[in-house]
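Chemist: 3D model of this:
(one chain, ligands or ions: 1)
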Amino acid sequence: MEQKKNNLSRRNFVKSSSLLTGGLLLAPTLLKASSWQYETKKLKIAVIGCGGRGTGAVSQALKADNNVELVAMADAFEDRLEKAYSSLSKMFPTDKINVKPSHKFVGFGSYKKAIDAADVVILTTPPGFRPQHFEYAVSQDKHVFMEKPVATDIAGIKKVLEAAKKAKAKKLNVVVGLQRHYQASYLEAYKRIQNGDIGNIVSGQVYWNSGGVWVRPREENQTEMEYQMRNWYYFNWICGDHILEQHIHNIDVANWFVGGYPIKATGIGGREVRKGKDHGHIFDHHVVEFEYEDGTIISSQCRHQPGTKNRVNETFQGTKGTVYTNGGGSSILKRYDGTNIYTHDNENDINPYQQEHNLLFKSIRNGEVISNAENGAKSTMTAIMGRMATYSGKEITWDKAMATYHKLVPDEDTLNFDSMPPVIRDEYGNYPVPIPGQTKFY
Ligand SMILES: NC(=O)c1ccc[n+]([C@@H]2O[C@H](COP(=O)([O-])OP(=O)(O)OC[C@H]3O[C@@H](n4cnc5c(N)ncnc54)[C@H](O)[C@@H]3O)[C@@H](O)[C@H]2O)c1
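Modeler: So this is what the prediction gives:
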């Protein structure tokens, strides 16, 4: 492919895209949102998806601003909702956790009533449902914190991109939980990359290699839908595979630092180790090469195999030096002669999960607008493109992938716990696993 290394255009592109990706969030030049300015109002929040992250995000929202109360909760399952309610009630006084029994909403479709009750909504279900929840929240003029990934399929990406535009037009704040954009070590590294300290990035390697995550085994008397909803990590329509679910963080850093989104991907993947009956149909490893418009190549690896080497970090090579970053708060920039450009001291850094909410509520109070949704959708799309490449074994281009009708998630409002999920097991209890060379997307 034609190599278009143009220092000036690269630098300009990085600068203009940084507003989108949150790179300049600490010094925002943002739109005034006078109609949505809430300088003093008590802000009501609702959480949709009351699991680990939902509970954490509510706690961070309540600590971010003194004048905030949780007024509504929604979850597919009552036991999950009550567990979150109980742990939040132990952490905060009753004027902060002000959720009446009539404002605890359970089941499919519970998101609507909870969203209706709030000014700011926290969308923390598994990602398959995110596009529908986000679309509804924007239609109801709510400010949003939503977790990554923001979709599992291309139909969902399109929905989020559309709603992102509307949110911007309505001057609604949208923060996406790609918290590295709110982490001082990454922001400092990014600032120096922008400054040209390591020259133009020409290649990089990004990793999420670990032992894997929880399994919620099938229980007696569960319908197939309840089983998949509880053991959601292993079903693509709800989860999107771990290349989206976790590795998106590292892929998103690549997009942010390179200053764009890849135009194509090729990859290798499969399931070697994690392939039991409760492991659904996702892969346990993906290795993808992403190519950007200017010829930059990013190699991406993610692995969920117990007993193997853990590695969760990013490295990028520029024309003058290298940058090393990780979510633990380290960033180091070096020249090729080995001399140090910068080593980040993270001792006084604010927890990035907290910082996301600090800036969200500050922005709402000041009548400003943070708009992370477009980048959230495009980084999710990058991971989907990687997944399509490893599942099919073919080269996948951004444009052709975006043009496919790739829809995994049914309309939530049509679902109940007796309905059949979009993927079902065969007579031996196995779910259909993608086969490179046979699985096709276009
Ligand atoms: N940014 C981060 O570092 C980070 C860390 C952890 C999780 N997350 C993200 O947060 C999201 C949730 O992860 P988690 O670990 O909290 O999972 P979890 O399983 O602990 O919680 C998800 C909750 O959503 C509920 N739910 C599922 N479908 C629903 C629906 N349609 N309506 C209402 N509730 C529904 C589930 O019953 C469950 O209680 C995921 O997208 C995950 O990637 C992000």
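Chemist: need the contact list for residue 125.
Modeler: 48, 49, 54, 76, 111, 133 (Cβ atoms under 8 Å, 6 or more residues apart in numbering). C-beta here means a position set from N, CA and C on the backbone, and glycine is covered the same way.
Chemist: now, which of the residues you listed lie within helices?
Modeler: Per DSSP state H, helices hold the following members of the contacts of residue 125: 54, 111, 133.
Chemist: Run through those residues and flag the ones next to the ligand.
Modeler: When Cβ under 6 Å from any ligand atom is applied, the members of the ones in helices among the contacts of residue 125 adjacent to the ligand are 54, 111.
Chemist: how near is the residue sitting nearest the centre point of the chain to the ligand?
Modeler: Using Cα atoms, centre = their mean, the residue of the chain that lies closest to the mean C-alpha position is residue 148, 1.6 Å off. Separation of residue 148 from the ligand (Cβ to the nearest ligand atom, to the nearest Å): 6 Å.
Chemist: That residue: helix or strand, and which one exactly?
Modeler: Here residue 148, judged by DSSP states H and E, is contained in no helix and no strand.
Chemist: got the phi/psi numbers for it?
Modeler: phi -80, psi 160 (degrees, to the nearest 10).
Chemist: are any of the contacts of residue 125 buried, and which?
Modeler: Neighbour counting by 16 or more other Cβ atoms under 10 Å classes 48, 49, 54, 76, 111, 133 among the contacts of residue 125 as buried.
Chemist: got the CA coordinates for stretch 357-365 in PDB?
Modeler: C-alpha atoms of stretch 357-365 as PDB (Å, rounded to 0.1, in the frame of the first residue of the first chain):
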ATOM      1  CA  HIS A 357     -17.200  11.000  36.700                       C
ATOM      2  CA  ASN A 358     -15.400  14.000  38.200                       C
ATOM      3  CA  LEU A 359     -15.100  15.500  34.700                       C
ATOM      4  CA  LEU A 360     -18.600  14.400  33.600                       C
ATOM      5  CA  PHE A 361     -20.300  16.100  36.500                       C
ATOM      6  CA  LYS A 362     -18.000  19.200  36.300                       C
ATOM      7  CA  SER A 363     -18.900  19.500  32.600                       C
ATOM      8  CA  ILE A 364     -22.700  19.100  33.300                       C
ATOM      9  CA  ARG A 365     -22.400  21.800  36.100                       C
END
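Chemist: thinking again about what came up before, specify which member of the buried ones among the contacts of residue 125 is nearest to residue 277.
Modeler: The nearest member of these to residue 277, counting by Cβ to Cβ, is residue 76 at 22.3 Å.
Chemist: Contact partners for the residue nearest to the closest one when sequence neighbours are not counted?
Modeler: Nearest non-adjacent residue to residue 76, counting by Cβ to Cβ, 6 or more residues apart in numbering: residue 229, 5.6 Å away. Residues near residue 229 by Cβ under 8 Å, 6+ apart: 76, 77, 238, 417.
Chemist: and what of residue 390?
Modeler: Residue 390 touches 243, 267, 268, 269, 270, 283, 286, 287, 288, 436, counting by Cβ under 8 Å, 6+ apart.
Chemist: Report the secondary structure element holding it.
Modeler: Going by DSSP H and E, residue 390 is in helix 373-392.
Chemist: Just the CA atoms of that helix, as CSV, please.
Modeler: The C-alpha trace of helix 373-392 is given here as CSV (Å, rounded to 0.1, in the frame of the first residue of the first chain):
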residue,chain,number,x,y,z
ALA,A,373,-19.5,8.3,22.0
GLU,A,374,-18.1,8.5,18.4
ASN,A,375,-14.7,7.4,19.5
GLY,A,376,-16.2,4.7,21.7
ALA,A,377,-18.1,3.4,18.6
LYS,A,378,-15.1,3.5,16.3
SER,A,379,-12.8,1.8,18.8
THR,A,380,-15.5,-0.8,19.3
MET,A,381,-15.8,-1.1,15.5
THR,A,382,-12.0,-1.6,15.3
ALA,A,383,-12.3,-4.6,17.7
ILE,A,384,-15.2,-6.0,15.7
MET,A,385,-13.2,-5.8,12.6
GLY,A,386,-10.4,-7.7,14.3
ARG,A,387,-12.9,-10.3,15.4
MET,A,388,-14.3,-10.6,11.9
ALA,A,389,-10.7,-11.1,10.6
THR,A,390,-9.9,-13.9,13.1
TYR,A,391,-13.3,-15.7,12.7
SER,A,392,-13.1,-15.6,8.9
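Chemist: Which positions in the stretch 101-250 of the chain make contact with the ligand?
Modeler: Near the ligand, when you scan the stretch 101-250 of the chain using Cβ under 6 Å from any ligand atom, you find 108, 110-111, 124-127, 129, 147-148, 177, 179, 229, 245.
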